[in-house]
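# Turn this into a model:
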Amino acid sequence: MLIAALFVLVILLCIFMLRRNKNRASSKTDLITAPSVNQKEVENKSTKSQKKDIVKRIPEYRKNLLFITDDDPKNFVPPTQFVTTVTISLNPEAKDGFDFDFYKSEPSEPSLIFTALPVCSECSSIEDVPKLPYFPTYFGMSAEQRFIYLNWLRDITSPVDIGYVFVYYYGLERRLLYGDFESAFNEILLLRKYHYNHSFETYSNSALIHACLRRKKWDYFHKLLEDDEFLVFNNLSLLILYSQQLDILPEMLLKLATKIPGTNRRYIKNHPDLYLQAITSELTNKFEKESYPFSSRYDIKKIPTIGMPVFANISLPPEIRTPQLPDFLRYEPFINEFMEFFKIVHERTKLLVKENRKKNKNFSSNTNRLPLTSTVDIASKEKQKKH
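Presented below is the predicted three-dimensional model:
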């Protein structure tokens, strides 16, 4: 009897201990899990409310230029990648016994705003938030960086790290090519006015000109040419002149001289006015007009091509972003012709400098600017020497 009683007691004790442990586990679960779920819901509601409030404050016309989606961010394809999916299934009726489906996901727009991604304003200062990397994306931003970006979009003239400017600019390039050209054009000009960066200046200069040409926006194209900031002379400028059958003007030749190898740049730097005058003089002597008729002198088909980065948005098709374009500055006949031209211009400038130094002795020592010898005088002296 005693043994039986002890056996029953042990069983009851085991049952008690099992129930006690179960209650403890249940209590522990209630204490840890339930509050954390509630906290997460509160944070999500706060984040969504905060994000909606920021987006509402962005000017309506600017929101129309943005790319915004409610899609799942998990489907994001980095701008530098293509995602290919191949599905193979057994099909006795197929010629080889198999069927397969091929899917290709295009790269995502780097400026694409995913509404599902978190936004957080809780940082001590903007300076504490890390800067964006090269070729940034909205998807790749931290929650704090997204807050800075969305808040900056309310007023894009306010100072901000250039990485945020590029994220917005990527989308504007796409609008230039496929969307609201006028609004994107004006918005890029506004960005250029308030955010100076060499890379941004170079890319936006190229993108605006190429977009004008691709979409045949000639009035906007001429508007750009009236702005001194767009007078950077390079291979793109030569291609535009060639396609429009236009001559190279003296001011353009002054800039081209710095691109031609072997050109003596001494007077370009120290006496640009006299160098420009010598260019005009040589043009008159060589072509009997003050411009260089280069478009009729070369066969574009013989000029070597090179892939040129025209747009910064790396999600654009390669043939649009980095098209193969003729490169005059790698074409030997072109280089040789202008090397010879600028060699003569250099010697003409040397004469102008000497003459102006002699004339300068007759002026007061307070004279700040050298008088320019006229092109007509130089041309007449050249003719007298020949006779």
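
# rest of the way, CA atoms for contacts and neighbours
OK.

# Residues contacting stretch 127-140, please?
Residues outside stretch 127-140 that contact it (C-alpha atoms under 8 Å, 6 or more residues apart in numbering) are 73, 76, 110-114, 117, 123, 141, 144-146, 161, 163-164, 166-167.

# go again using 10 Å as the cut-off
Contact partners of stretch 127-140, identified using C-alpha atoms under 10 Å, 6 or more residues apart in numbering, comprise 73, 76-80, 108-114, 117, 123, 141-142, 144-146, 148-150, 161-168, 170, 312-314.

# Now that we have those, which of them are buried?
When burial is judged by neighbour count using 16 or more other C-alpha atoms under 10 Å, the buried members of those are 76-79, 108-114, 117, 141-142, 144-146, 148-150, 162-168, 170, 312-314.

# that older thread, mind listing which of the contacts of stretch 127-140 are in helices?
144-146, 148-150, 162-168, 170 (DSSP state H).

# The chain: strands as residue ranges?
Across the chain, reading from the start of the chain, the strands by DSSP state E fall at 68-69, 83-90, 98-105, 113-114, 305-307, 324-326.

# helices or strands up against the first one?
Strand 68-69 makes packing contacts with strand 113-114 when contacts are defined by 3 or more C-alpha pairs under 10 Å, 6 or more residues apart in numbering; DSSP states H and E.

# pLDDT averaged over the strand it packs on - what is it?
Along strand 113-114, the predicted confidence averages to a pLDDT of 93.

# Parallel or antiparallel, list what pairs with it.
Its sheet considered, strand 113-114 pairs with strand 68-69 (parallel) by DSSP bridges.

# So for the strand it pairs with, mean pLDDT?
Taken as a whole, strand 68-69 has an average pLDDT of 91.

# How about residues contacting it?
For strand 68-69, the surrounding residues in contact (C-alpha under 10 Å, 6+ apart) are S111, L112, I113, F114, T115, A116.

# from the middle of its chain, how far away would it be?
Put simply, strand 68-69 sits 21 Å off its chain's centre (C-alpha atoms, centre = their mean, to the nearest Å).

# D227: neighbouring residues, count only.
Using other C-alpha atoms under 10 Å, the number of residues around D227 comes to 9.

# Tell me the predicted confidence for it.
The per-residue pLDDT reported for D227 equals 74.

# The chain should start at 12 in everything you say after this.
Okay, using 12 as the starting number, the last item reads as D238.

# Quickly note the distance from it to A195.
Plainly put, D238 is 18 Å away from A195 if you go by C-alpha to C-alpha, to the nearest Å.

# which of the contacts of strand 79-80 lies closest to L264?
Within the set of the contacts of strand 79-80, S122 lies nearest L264; the separation is 38.8 Å, counting by C-alpha to C-alpha.

# N296 and F352, how far apart?
The spacing between N296 and F352, counted by C-alpha to C-alpha, is 11 Å.

# again but with T126, I slipped
With C-alpha to C-alpha as the criterion, T126 and F352 are 59 Å apart.

# can you check R73 too?
Spatial separation of R73 from F352 under the definition C-alpha to C-alpha is 49 Å.

# before we move on, what about V88?
As defined by C-alpha to C-alpha, V88 lies at a distance of 51 Å from F352.

# The chain: helices as residue ranges?
Taking DSSP H as the test, the helices found in the chain are 13-67, 71-74, 154-163, 173-189, 192-205, 209-225, 229-236, 246-254, 261-267, 277-281, 283-298, 329-332, 343-371, 386-397.

# helices or strands next to the fifth one in the packing?
What that stands for is helix 192-205. Helices and strands in packing contact with helix 192-205 are listed as helix 71-74, helix 173-189, helix 209-225, helix 229-236; criterion 3+ C-alpha pairs under 10 Å, 6+ apart.

# CSV for those helices, including distance to K270?
Conversion of these to CSV gives the following (distance: least, C-alpha to C-alpha, whole Å):
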stretch, distance to K270
helix 71-74, 39
helix 173-189, 28
helix 209-225, 16
helix 229-236, 20
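
# looking at those helices, which has the lowest confidence?
Per-segment confidence across these bottoms out at helix 229-236, which has a mean of 84 in mean pLDDT.

# which residues are common contacts for N296 and F352?
I290.

# Setting aside sequence neighbours, what's the nearest residue to R276?
Excluding its sequence neighbours, the residue lying closest to R276 (C-alpha to C-alpha, 6 or more residues apart in numbering) is T269, at 6.9 Å.
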